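Novice: Prediction below, plus the sequence it came from.
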Amino acid sequence: MKRSFIYSAIVVFGLVSCTKDFEKLNTDPDNLTEVGARERPFMFAKAQSSSAMNRSFYQTVQNLGPDLYAQYFALTTTSFRTDRYALTPDWQRRFWTVVYVDTAPQLKSIMDNVEEGSGEGALANILWVYAFHRLTDQFGPIPYFDAAEPKDAIPYDPMDEIYDDFFVRLTNAVDALKALPAGTKVYEGYDLMYNGDIENWIRFANSLRLRLALRISKVDPARAKTEAEAAVVSGVMEENGQNASLLKSLNGNDTNGLSQVAVWNEFAMSSTIASYLKGYEDPRLGIYFQPSINGGQFNSLRNGSTATDLGITRNQAARNSNVGEYWVRYSGSVEKQNVVIEGNLVQRQHVMSAAESYFLRAEGALNGWNMGADAKSLYEEGIKISLTQWGVDDAAVNTYLTSTRLPVAPGDYHNSPAVANTPIAWAATEAVQREQVGVQKWLAIYPDGMEAWTEFRRSGYPKMYNVIQSENADLPVGAFIKRMPYPLTEETSNLEELTKGRALLGGTDNAATTLWWDID
């Protein structure tokens, strides 16, 4: 992980890709020697876009990895094999580029050039935690405390220490924002998520703190309880108007990543999510997905389908369900052979929702924590908030909450049975209640496969189908992928520190080793 680059140059290159307006300021990028008030808003916007995975990296870092491992989608193409756990080493490097080149340097420059306790510094710290929690939860111990430092070798840090810093940063950031005068705006006109509204930033930070508290609830239950209860008292997301999502643009590479990759029609609805959505008669089925181009049915595929299976017409893209019209639209007809798939490239990109906060609180209540309400109420409110987020009316919401329906056989090529028997209406036993919370949270945070895959590893929910075929010797059929191996570039540029990092991992540097918080 060589850090001998010219620090300011990386910042400038990132800004150029973020906005065409920066050209007005960028008169001599090679001689940028300080970061001032003019530059910081652009740097923050660049970091925002990058941290949530913009178009440049969305396919290889998220869609062809975590989105498949969360079993939202399954591949319909033989061009890639990641659905069968055959990993592409270069793609691991790209996630590190997202964080260590396109996000962290910008945020560190902001934090180093603003007053302590400022709103700008607070937002930079919140975004820092958001970016790095996704990275460490995918790889394990990572270079963290010296990240974005101009050094030739950056040491790896253990996950427990990284998480401790996450909580400290989020707590301090919220305290700083709450100390600002009422009505203060930070980066207004540049902030892609809340346009400078600090009240929403406070709720986002607290909801992220709650997410991270549940993440460590098995490995450090006492700390988890403390952090979760403090987050709820401080104020988490409670309504859809507080949801976090990013403004997208046709400028540069800042379009909606899922909308872009869905146009290529290389993946479709996974049979796992089909089993739940179809069985529940979930009104989100026709929102999250759309009927197949050829046949007009909601069809799905099993993850890890073999190359032979994918060569069968029934399993090819046109016969299966792409993502919903929020992301892509069809025009033309199969009969006339003039089907066109158009991406809705400027749709806002979902980051975090109030529904997730309710489900996190529901799980916390089941843990015996003070979450402000009982688990059943929080669970049902989470469902209601998620359904209304997507435009479902009150009558349909009430019908869903009392439904006795269960997952069903998805009707796929492999004649898969129902994936589970998890009910919707609140169950009588805690074990089933925990499963219900996990399933409904997984449905609510769609299409964020990165978070969904992480929570599946932590909680074991929802129940998923085994992959049909595995091409990874470390992950035989029946096993699920646990992490991503470190990038090969670390062996050539940071080998000594990588070796120490692998020791911190506590297992072999492969896709089968569990992370610190994954103790079941």
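Specialist: Yep, that arrived.
Novice: mind checking how far Val419 is from Tyr280?
Specialist: 12 Å (Cβ to Cβ, to the nearest Å). Every C-beta, even on glycine, is put in place using the N, C-alpha and C of the backbone.
Novice: Return every residue with contacts to both of these two.
Specialist: Pro407 (Cβ atoms under 8 Å, 6 or more residues apart in numbering).
Novice: Next up, the contacts around Ser217.
Specialist: Residues in contact with Ser217 (Cβ under 8 Å, 6+ apart) are 224-225, 228, 363-364, 367.
Novice: again, but for Gly286
Specialist: Gly286 makes contact with 298, 324 under the criterion Cβ under 8 Å, 6+ apart.
Novice: Can you tell me how far it is from Gln297?
Specialist: As judged by Cβ to Cβ, Gly286 and Gln297 stand 12 Å apart.
Novice: Show me the helices in the stretch 51-200 of the chain, by range?
Specialist: Residue ranges of the helices in the stretch 51-200 of the chain, as given by DSSP state H, counting those that start in this stretch, are 55-57, 66-69, 89-100, 104-112, 119-139, 159-178, 198-215.
Novice: Redo these as TSV? Include mean pLDDT, distance to Ser249 and mean neighbour count.
Specialist: Below are those laid out as TSV (pLDDT from 0 to 100; distance: least, Cβ to Cβ, whole Å; neighbours: other Cβ atoms under 10 Å):
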stretch	mean pLDDT	distance to Ser249	mean neighbour count
helix 55-57	89	10	20
helix 66-69	98	23	26
helix 89-100	94	18	19
helix 104-112	96	18	23
helix 119-139	98	18	24
helix 159-178	98	26	19
helix 198-215	98	20	24
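Novice: Would you tell me which of these gets closest to Phe480?
Specialist: In terms of Cβ to Cβ, the element of the helices of the stretch 51-200 of the chain nearest to Phe480 is helix 66-69, at 7.4 Å.
Novice: Output the contacting helices and strands for that closest one.
Specialist: On a contact count with 3 or more Cβ pairs under 8 Å, 6 or more residues apart in numbering; DSSP states H and E, helix 66-69 meets strand 73-75, helix 449-459.
Novice: hmm, who's touching the last one?
Specialist: It refers to helix 449-459. 53, 62-63, 65-70, 72-73, 134, 137-138, 211, 214-215, 218, 363, 434, 438, 441-442, 445-446, 461-462, 464, 480, 482, 514-515, 517-518.
Novice: now that helix, how far from the centre of its chain.
Specialist: Here helix 449-459 is found 9 Å from its chain centre; the criterion is Cα atoms, centre = their mean, to the nearest Å.
Novice: and the angle from it to helix 119-139?
Specialist: Between helix 449-459 and helix 119-139, the angle comes out at 60 degrees (axes from the mean of the first three to the mean of the last three Cα atoms, to 10 degrees).
Novice: Can you give me the buried ones in the helix or strand following helix 449-459?
Specialist: Moving toward the C-terminus from helix 449-459, the next helix or strand (DSSP states H and E) is helix 489-493. Within helix 489-493, the residues that qualify as buried are 489-490, 493, counting by 16 or more other Cβ atoms under 10 Å.
Novice: Repeat that for stretch 282-300.
Specialist: 282-285, 287-290, 292-294, 298-300.
Novice: Stretch 141-157 now?
Specialist: Using 16+ other Cβ under 10 Å as the test for burial, stretch 141-157 gives 141-144, 146-148, 151, 154-157.
Novice: now those as CSV including distance to Ser403 and pLDDT?
Specialist: As requested, the buried residues of stretch 141-157 are exported to CSV (distance: Cβ to Cβ, whole Å; pLDDT from 0 to 100):
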residue, distance to Ser403, pLDDT
Pro141, 43, 98
Ile142, 42, 98
Pro143, 48, 97
Tyr144, 44, 98
Asp146, 52, 96
Ala147, 47, 95
Ala148, 49, 91
Lys151, 56, 86
Ile154, 51, 93
Pro155, 52, 97
Tyr156, 47, 98
Asp157, 46, 98
